[in-house]
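> Need coordinates for the following:
(chains A and B)
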Amino acid sequence: SAVISQKPSRDICQRGTSLTIQCQVDSQVTMMFWYRQQPGQSLTLIATANQGSEATYESGFVIDKFPISRPNLTFSTLTVSNMSPEDSSIYLCSVEANGYTFGSGTRLTVV
Amino acid sequence: LAKTTQPISMDSYEGQEVNITCSHNNIATNDYITWYQQFPSQGPRFIIQGYKTKVTNEVASLFIPADRKSSTLSLPRVSLSDTAVYYCLVGASLNDYKLSFGAGTTVTVRA
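Below you'll find the model as predicted:
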């Protein structure tokens, strides 16, 4: 299965600012996915990112708030924009390569 | 995706067998059943997948009755390191790209 490196592992940010999370995969993958896991909750899919096309967002998530880049088949970024304390969560990327592999997540705290 | 229902939590002791049952009454004919494990501060990790009857690997066994409306994940002889959240997912094949996570079952193993 693929190996994912996700950065940063954690951050504390001021409200109103933005944070970009990076996801690097050790092999080329078609689909990359971004999830949010709020404190004590399960995972919720934010969007699906395919290389060469715009990301597809799930209900409740919009591009202005969570812009995603997918410049090549091994890399993606998720930006959490204009943050508020409600955005405090763990953000995880995932890829499909002979099964699903998840990054270790980015723990974001907005103060 | 078929909705799943699992117990919120289960307690066990080292060396015991832990069985977690997941209900998925609306499972479709081409749906597979997949279980993931998530440790604190990590992304979910694939454990096992099955379609019917019984599947066993080095980590767990998965029992699926003939009607496929439920499944049971069996963890033999658990240790403290098996303390985690276990998610049951139902979808069309290992590579069903829209993974939909339910609440999961928090398994706590005590010495």
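
> shaky segments in chain B?
Applying pLDDT under 70 to chain B flags residues B:1-2, B:92-98.

> What of chain A?
In chain A, no residues with pLDDT under 70.

> who in it is up against chain B?
Within chain A, the positions lying close to chain B (CB under 8 Å from any CB of the partner chain) are A:1, A:4, A:31, A:33, A:41-45, A:48, A:92, A:94, A:96, A:98-105, A:107. Yep, even glycine has a C-beta here, placed from its N, CA and C like the rest.

> Just the buried ones from those, in ChimeraX syntax?
Selecting the buried subset of the residues of chain A next to chain B in ChimeraX, with 16 or more other CB atoms under 10 Å in any protein chain shown as the burial test, is done by:
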select /A:4,31,33,42,43,44,45,48,92,94,96,100,101,102,103,104,105,107
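
> Closest residue of chain A to chain B?
residue A:102 (2.8 Å; CB to the nearest CB).

> Give me the three-state assignment for the spatially closest residue to that residue that is not a sequence neighbour.
The spatially closest residue to residue A:102, leaving aside those adjacent along the chain, is residue B:43, at 2.8 Å (CB to CB, 6 or more residues apart in numbering or on different chains). On the three-state scheme (DSSP: H, G, I helix; E, B strand; the rest coil), residue B:43 is labelled coil.

> So what does residue B:43 look like in phi/psi?
Backbone torsions for residue B:43, taken as degrees, to the nearest 10, come to phi -80, psi 160.

> ok, so what distance separates it from residue B:101?
11 Å (CB to CB, to the nearest Å).

> who touches the spatially most central residue of chain A in this structure?
Central residue of chain A (CA atoms, centre = their mean): residue A:34, 3.8 Å from the mean position. By CB atoms under 8 Å, 6 or more residues apart in numbering or on different chains, the contact set of residue A:34 is A:23, A:45-47, A:49, A:66, A:68, A:76, A:78, A:91-94.

> same thing with residue A:104?
Counted by CB under 8 Å, 6+ apart, residue A:104 has contacts A:4, A:6, A:9, A:92, B:41-43.

> What is the nearest of these to residue B:12?
Of all those, residue B:42 has the smallest distance to residue B:12: 20.4 Å, by CB to CB.

> Number of residues surrounding that closest one?
15 (other CB atoms under 10 Å in any protein chain shown).

> What of residue A:69?
14.

> Run through the bridge partners of it.
Taking DSSP bridges as the rule, residue A:69 bridges to residue A:77.

> Check residue A:23 too.
Under the criterion used here (DSSP bridges), residue A:23 is bridged to residue A:6, residue A:76.
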